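> Sharing a model that was predicted from the sequence below.
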Amino acid sequence: MTVRTYKIAGRNISVLNIAYFLIFMILGALALWYCFRNIRFDEFITHLKSVNYFYIGLSTVCGFMAFIIRALRWNIMINTLGYKLPVYDTYNAVAIGYIANLAIPRIGEITRCATLYKTNGIRINALFGTVVTERIIDMLSLFVIMLLVFFIRMEKFSDFVSKNIIRQWKPVFENLSLASVLLIAVAVIALGAVAWIIFKRLLKRPSMHKFRNMLSGLADGLKSVFRMKRTFHFIVYTVVIWTLYWLNSYLVMLALPSTSALTAADALLLMVLGSLGWIVPVPGGFGTFHTLVAWGLMMYGLNFNDGVIFATLSHESQLLVMAFFGLIALISVSLTKNKLNQK
């Protein structure tokens, strides 16, 4: 079966890619509408006037520092592939990856690799393997932080899950019989098995040669985590990255009168919810970030609208950092590429 492609901005884009983008764009738009449907413009402006922008400025500094630390951490993994790069080049790739994710979800990971391929000639496949490894480590780190938050704020966290997840889906599961549950489970397992068999057969085709090479490069990148010579530095950088994310959330919390009385532990909970909002493949985390953080603040007695205003400040301050430094990195790489072409 062939998938139709279209040439857009000099690149071949498949119908599946377009459909994927449109679906999550619509989901993001619906989530944004849900958040802002009851917020009046004059109310929003009044809240903005009461913000202490000194703390917002400090939060943007934390966001920028996180870019640099991510570049330093990624360099450790790239070194295991046999390449030594200046941090400046790696930083530019990281910043460009962030700005790419604002347009199309998850494309930033590929853009990072493509940037270093253009500036330093490193194979994209191997680089992509290191990026995937990074993402796995970040997901594990987030899971550990979630467990920490659960024990620190067990009552608040359980209330949130009970009100916004269990209570919402309880009527659905109550109406399902045991036979229905078993039938759904068997169907899911059968579909998974069929999909695996089809994938293995497709992988053997000559036309899948490039994809097999990509998987090989991906495996090389994943193995890099076991060959790291500076494991301690990698762990320290990971801790610093998440500390900066936590500080970002805490500083924005101090900037608003409605949230300034909350504690550093509460900021950790909001950071977790915000991180989950960014993970959802919606362009720029629009809507999903705002909804989850607003729900989280409702645990502390704030109304949903106040939560959305806090989430907007937090999200848009990070967005400005990504856009500003991403554009500077893009210009820098373009100039470097032109110099390389002249040589």
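Cool, the structure landed. Everything numeric in this text was worked out from a predicted model, so none of it was measured.
> who's in contact with Y91?
The contact partners of Y91, by Cβ atoms under 8 Å, 6 or more residues apart in numbering, come to 67-68, 71, 329. (Each C-beta comes from the backbone N, C-alpha and C, glycine too.)
> Out of these, which is nearest to V239?
When the contacts of Y91 are compared for distance to V239 (Cβ to Cβ), I68 wins out at 14.9 Å.
> tally of neighbours for F310?
For F310, the number of neighbouring residues by other Cβ atoms under 10 Å comes to 27.
> can you put the contacts of Y91 in TSV and add distance to R112 and neighbour count?
Conversion of the contacts of Y91 to TSV gives the following (distance: Cβ to Cβ, whole Å; neighbours: other Cβ atoms under 10 Å):
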residue	distance to R112	neighbour count
F67	12	22
I68	15	19
A71	10	22
A329	11	23
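> Out of those, which comes closest to F289?
F67 (18.4 Å).
> What helix or strand is that closest one located in?
Here F67 is covered by helix 53-79, with elements defined by DSSP states H and E.
> in that helix, what's buried?
Of the residues in helix 53-79, 55-56, 58-60, 62-63, 65-79 count as buried by neighbour count, 16 or more other Cβ atoms under 10 Å.
> Same check on stretch 126-146?
Judged by neighbour count (16+ other Cβ under 10 Å), stretch 126-146 contains these buried residues: 126-131, 133-134, 137-138, 141-142, 145-146.
> Next: stretch 302-314.
Buried residues in stretch 302-314, counting neighbours by 16+ other Cβ under 10 Å, are found at 302, 304-314.
> what's it in contact with?
Residues lying outside stretch 302-314 but in contact with it, judged by Cβ under 8 Å, 6+ apart, are 35-36, 38-39, 43-44, 47, 51, 56, 59, 248-249, 252-253, 255-256, 258-259, 270, 274, 289-291, 293-298.
> For it, what is the distance to the chain centroid?
For stretch 302-314, the separation from the chain centroid amounts to 20 Å (computed by Cα atoms, centre = their mean, to the nearest Å).
> With just CA atoms, put that stretch into CSV.
Backbone C-alpha positions of stretch 302-314 (Å, rounded to 0.1, in the frame of the first residue of the first chain) are rendered in CSV as follows:
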residue,chain,number,x,y,z
LEU,A,302,-8.4,28.5,43.3
ASN,A,303,-11.1,28.7,40.7
PHE,A,304,-10.4,27.4,37.2
ASN,A,305,-10.1,30.8,35.7
ASP,A,306,-7.3,31.8,38.1
GLY,A,307,-5.6,28.6,37.3
VAL,A,308,-5.8,29.3,33.6
ILE,A,309,-4.2,32.7,34.1
PHE,A,310,-1.3,31.2,36.1
ALA,A,311,-0.9,28.5,33.4
THR,A,312,-0.9,31.2,30.6
LEU,A,313,1.9,33.2,32.3
SER,A,314,3.9,30.0,32.9
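> Look at M271 and say how many residues are nearby.
Residue crowding around M271 was assessed by other Cβ under 10 Å; the count is 24.
> Hmm, I typed the wrong one, I wanted T111.
The local packing count at T111 equals 20, with neighbours defined by other Cβ under 10 Å.
> With T238 instead?
T238 is surrounded by 18 other residues when neighbours are defined as other Cβ under 10 Å.
> Taking their axis directions, the helix or strand where L319 lies and helix 53-79 sit at what angle?
Secondary structure here is read from DSSP H and E; on that basis L319 sits in helix 304-342. On the basis of axes from the mean of the first three to the mean of the last three Cα atoms, to 10 degrees, helix 304-342 is oriented at 50 degrees to helix 53-79.
> Sketch out the low-pLDDT regions of the stretch 201-343 of the chain for me.
In the prediction, the stretch 201-343 of the chain carries residues with pLDDT under 70 at positions 202-203, 205-227, 337-343.
> how close does L27 sit to P105?
When distances are taken as Cβ to Cβ, to the nearest Å, L27 and P105 turn out to be 10 Å apart.
> and what of T259?
Distance of T259 to P105, given as Cβ to Cβ: 28 Å.
> go on, D306?
Using Cβ to Cβ, D306 is found at 28 Å from P105.
> Please apply the same query to L127.
Counting by Cβ to Cβ - L127 and P105 are separated by 19 Å.
> in the stretch 101-250 of the chain, which spans are helices?
When secondary structure is read from DSSP state H, counting those that start in this stretch, the stretch 101-250 of the chain shows helices at 107-120, 124-152, 154-161, 167-174, 178-203, 209-223, 231-255.
> How confident was the prediction at the residue nearest to I110 when sequence neighbours are not counted?
With Cβ to Cβ, 6 or more residues apart in numbering as the measure, F128 is the residue that lies nearest to I110, at 6.8 Å, once sequence neighbours are left out. According to the per-residue confidence, F128 scores 81 in pLDDT.
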